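S.K.: Build me a model:
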Amino acid sequence: MTIQPFANDNASLGIGGLTVENHLDRVVLYGNLELTLDQIGLAYARELKALLDAVVVQLEGEADQLPPQIAQPNVENFDTVDNPFL
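M.R.: Below is the predicted model:
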């Protein structure tokens, strides 16, 4: 694992086909990850577990200060741009 959860807004990590994006207020996981019954599956599972363990440690360390829920990003404030490839 090469990211410290919630430490910055610019780190990302790939585990198989799964992408992990680090942000100051969230860690985002998206994509597809197959945990197969082989050495690659074991390596992916260990890497995913290490990442989630680090997330839990960070959250538990701040448990008394965490709000019930953070606000979701407001996508309505983003500008729309023309697709340069069309």
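S.K.: burial count for residue 49?
M.R.: As a burial measure, residue 49 scores 11 neighbours (other Cβ atoms under 10 Å). No exception for glycine: its C-beta is placed from N, CA and C like everyone else's.
S.K.: so where does it fall, helix or strand?
M.R.: helix 39-61 (DSSP states H and E).
S.K.: where in the protein is pLDDT low?
M.R.: 1, 75-78 (pLDDT under 70).
S.K.: could you show me where the strands are in it, in order?
M.R.: 12-15, 17-22, 27-32 (DSSP state E).
S.K.: Of the ones you listed, which is nearest residue 48?
M.R.: strand 12-15 (5.6 Å; Cβ to Cβ).
S.K.: got the contact list for the closest one?
M.R.: Contacts to strand 12-15, defined as Cβ atoms under 8 Å, 6 or more residues apart in numbering, come from residues 1-3, 19-22, 33, 44, 47-48, 51.
S.K.: What residues sit buried inside it?
M.R.: For strand 12-15, the neighbour count (16 or more other Cβ atoms under 10 Å) marks 13, 15 as buried.
S.K.: what's the offset of that strand from the middle of its chain?
M.R.: 8 Å (Cα atoms, centre = their mean, to the nearest Å).
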